[in-house]
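> based on what follows, work out the 3D shape:
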Amino acid sequence: MGDGPSSRLVMDKSTPEGEPTESAWKGAAGRYRWRICALLFAATTLNYIDRQVLGVLAPFLGRAYGWSELDYGYIVTAFQAAYAIGLVFAGAVIDRIGTRLGYALAIAVWSAAAMSHALARSAASFAIARFMLGLGESGNFPAAVKTVAEWFAPRERAFATGLFNAGSNIGAIVAPLAVPVAVSMGGLKAGFLFTGVLSMMWLVAWLTIYRPPARHAGFSPAENAGSLRWSALLAYRQTWAVMAAKFLTDPIWWFFLFWLPKILNAKYGLTLTALGPPLVAIYLMADGGSIGGGWLAGWLMRRGCSLDRARKGAMLVCAIAVVPIVLAPSAHRLWETVGLFGLATAAHQGWSANVYTLASDLFPTRAVGSVVGLAGFAGAVSGMVFSTLVGWWLQRTGSYVPMLVMAGSAYLIALAVVHGLAPRLGPVALEA
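Sure, this is the predicted structure:
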């Protein structure tokens with residue numbers, strides 16, 4: 001496969017084609033861009049609270065409704081299938097209608113879907129609710145990454161992405177703390193209802209505060225005009241590099257997110273309230289990894305490293321830091337296990353901040369949403385297959401060892417594939 005029709009890497013430019021200079025971003029955006037980043041952080045936090053509620057309640061819903069391990073695997077797979085389908089369209093829709101309306105549409109759908117879980121009574125009905133939630137939540141990362149590409153200069157993008165992506169860990173922290181309180185006040189269904197209200201509040205704030213960068217001095221409306229067909233983007237090796245990074249590593253994050261409470265419950269007999277502190281510790285570490293991984297790439301660039309060396313260097317550090325998770329099955333103490341999972345989730349989030357930024361490293365803003373959507377689709381499909389296999393394997397053996405071995409090696413393999421497809425990172429000159 002070539003680099004695409006009539007394509008070349010524009011290595012003598014600091015930004016993808018048609019984008020403003022770094023000084024233009026700073027002059028036009030000022031403090032406003034950090035308010036936008038705060039909104040992205042809040043949305044990502046809510047996104048993960050909504051999806052994590054099920055993981056926190058899974059051991060107790062399973063007993064209440066008689067789920068098997070395979071049933072739970074199917075419920076998780078329903079979310080991932082919808083997430084994959086949604087990502088194929090979400091990125092392209094957001095590139096076409098813009099981040100303001102695209103983000104608003106996504107969060108409206110996922111808020112309603114989150115609350116609909118309260119009506120579910122069986123594994124099948126929970127799967128339907130999860131499917132609708134996946135469709136809505138698929139818009140979050142294409143919209144957020146595109147917004148960062150619009151508002152932040154290249155050296156700041158991984159850091160800004162790391163900041164908003166830290167919301168995923170805050171959501172995973174808030175869920176095990178807030179859900180037991182909601183359940184104690186209103187039963188299991190209340191655990192799903194309170195998140196929908198918070199998401200609707202964010203929707204009002206977004207529509208009130210956010211305006212596209214074309215409204216501000218220093219930006220031209222033409223910069224974000226038009227969109228590209230998927231078939232055109234798939235002709236570029238760089239698109240496949242971003243997709244491969246997500247395909248090989250997203251299943252590991254899904255596994256951590258949906259099975260970690262079950263692992264701790266099964267191995268140490270933790271109750272719903274006792275799960276809170278270990279999960280908080282793990283996701284606080286993940287927060288540090290998200291911000292630190294994004295900061296590291298920018299720090300390397302400020303020290304004179306090229307974009308290619310800085311981005312791949314940060315990704316290598318994160319990939320190596322996941323490897324110790326293979327020791328988790330031999331850990332006998334709770335906080336040893338917590339430390340290993342905390343390191344792995346921190347490394348994943350640092351990796352993720354840099355992988356998302358690859359899209360804006362390589363492509364102009366008008367294509368970023370679509371590239372992120374395609375990459376997210378690849379990750380969701382592999383996550384869907386992996387979750388089904390995990391459920392099947394646990395039903396047969398009850399052993400988590402193979403999944404943890406795969407987790408420890410996936411990131412190094414993914415980095416090798418990325419380097420093979422994109423040996424030297426730099427902006428792609430797309431055909432109009």
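> nearest spatial neighbour of Leu264, skipping sequence neighbours?
Of all residues beyond its chain neighbours, the one nearest Leu264 is Leu270 (5.1 Å), with distances taken as C-beta to C-beta, 6 or more residues apart in numbering. No exception for glycine: its C-beta is placed from N, CA and C like everyone else's.
> which of the three states applies to the one you found?
Here Leu270 is recorded as coil under DSSP: H, G, I helix; E, B strand; the rest coil.
> just the helices in the stretch 51-200 of the chain please.
69-97, 99-116, 123-137, 140-151, 154-186, 190-209 (DSSP state H, counting those that start in this stretch).
> in CSV, list the ones you listed along with mean pLDDT.
Output for these, formatted as CSV (pLDDT from 0 to 100):
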stretch, mean pLDDT
helix 69-97, 83
helix 99-116, 89
helix 123-137, 90
helix 140-151, 86
helix 154-186, 81
helix 190-209, 85
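> now for the one helix or strand Tyr283 maps to, which elements pack on it?
Under the criterion of DSSP states H and E, Tyr283 resides in helix 276-302. Using 3 or more C-beta pairs under 8 Å, 6 or more residues apart in numbering; DSSP states H and E as the contact definition, the elements that helix 276-302 packs against are helix 154-186, helix 237-268, helix 307-322, helix 334-362.
> looking at those, which is closest to Ser138?
Nearest to Ser138 among the helices and strands packed on helix 276-302 is helix 237-268 (12.7 Å), distances taken as C-beta to C-beta.
> for that closest one, name the packing helices and strands.
With contacts taken as 3+ C-beta pairs under 8 Å, 6+ apart, helix 237-268 sits against helix 32-65, helix 69-97, helix 276-302, helix 334-362, helix 365-396, helix 401-421.
> buried residues in that helix?
Neighbour counts using 16 or more other C-beta atoms under 10 Å place 237-265 of helix 237-268 among the buried residues.
> now the helix holding Tyr283 against helix 334-362, angle please.
Orientation note: helix 276-302 sits at an angle of 40 degrees relative to helix 334-362 (axes from the mean of the first three to the mean of the last three C-alpha atoms, to 10 degrees).
> centre of the chain to helix 276-302, how far?
Average the C-alpha atoms of helix 276-302, do the same for its chain, and the two points are 14 Å apart (C-alpha atoms, centre = their mean, to the nearest Å).
> and for stretch 130-150?
Chain-centre distance of stretch 130-150: 9 Å, with C-alpha atoms, centre = their mean.
> dump the residue contacts of the closest residue to Leu358 other than its chain neighbours.
If you skip the residues right next to it in sequence, Leu358 has Val242 as its closest partner in space, 5.0 Å away by C-beta to C-beta, 6+ apart. Residues in contact with Val242 (C-beta atoms under 8 Å, 6 or more residues apart in numbering) are Val355, Leu358, Ala359, Leu362, Val371, Val372, Leu374, Ala375, Val418.
> can you rerun that using 7 Å?
Val355, Leu358, Ala359, Val371, Ala375 (C-beta atoms under 7 Å, 6 or more residues apart in numbering).
> out of these, who's nearest Leu275?
Val355 (28.8 Å).
> for Leu296, see how far away that closest one is.
Val355 sits 14 Å away from Leu296, taking C-beta to C-beta, to the nearest Å as the criterion.
> burial count for Val204?
For Val204, the count of nearby residues is 10 (other C-beta atoms under 10 Å).
> next one: phi and psi at Ala274?
Listed backbone geometry of Ala274 is phi -70, psi -20, with angles given as degrees, to the nearest 10.
> burial count for it?
Counted with other C-beta under 10 Å, residues neighbouring Ala274 total 16.
> got it, and Met384?
When counting by other C-beta under 10 Å, one arrives at 23 neighbours for Met384.
> quick one, what contacts it?
Applying C-beta under 7 Å, 6+ apart, the residues contacting Met384 are Thr77, Gln80, Ala81, Ala84.
> how close does the first one get to Ala328?
What it means is Thr77. Using C-beta to C-beta, one gets 24 Å for the distance from Thr77 to Ala328.
> between those two, which is the more surrounded one?
More crowded of Thr77 and Ala328, by other C-beta under 10 Å: Thr77, with 24 against 21.
> wait, doesn't the more buried one sit right on Thr388?
Yes. With contacts defined as C-beta atoms under 7 Å, Thr77 counts as touching Thr388 at a distance of 5.0 Å.
> what is in contact with those two at once?
Any residue near both Thr77 and Thr388 by C-beta under 7 Å, 6+ apart counts here, and not one turns up.
> do you know the pLDDT at the nearest residue to Phe192 once chain neighbours are set aside?
Computed as C-beta to C-beta, 6+ apart, the closest residue to Phe192 that is not its neighbour in sequence is His117, at 3.8 Å. The score at His117 is 85. That number is its pLDDT.
> what's the answer for Pro278, then?
According to the predicted model, the pLDDT of Pro278 comes to 89.
> show the contacting residues for it.
Under the criterion of C-beta under 7 Å, 6+ apart, the contact list for Pro278 reads Leu264, Leu334, Val338.
> equivalent analysis for Asn354, please.
Ala158, Gly293, Gly294, Ala297, Arg311, Ala314, Met315.
> can you pull the contacts of the most centrally placed residue in the chain?
Among the residues of the chain, the smallest C-alpha distance to the mean C-alpha position (C-alpha atoms, centre = their mean) belongs to Phe141, namely 6.2 Å. Neighbouring residues of Phe141 by C-beta under 7 Å, 6+ apart: Tyr356, Val372, Gly376.
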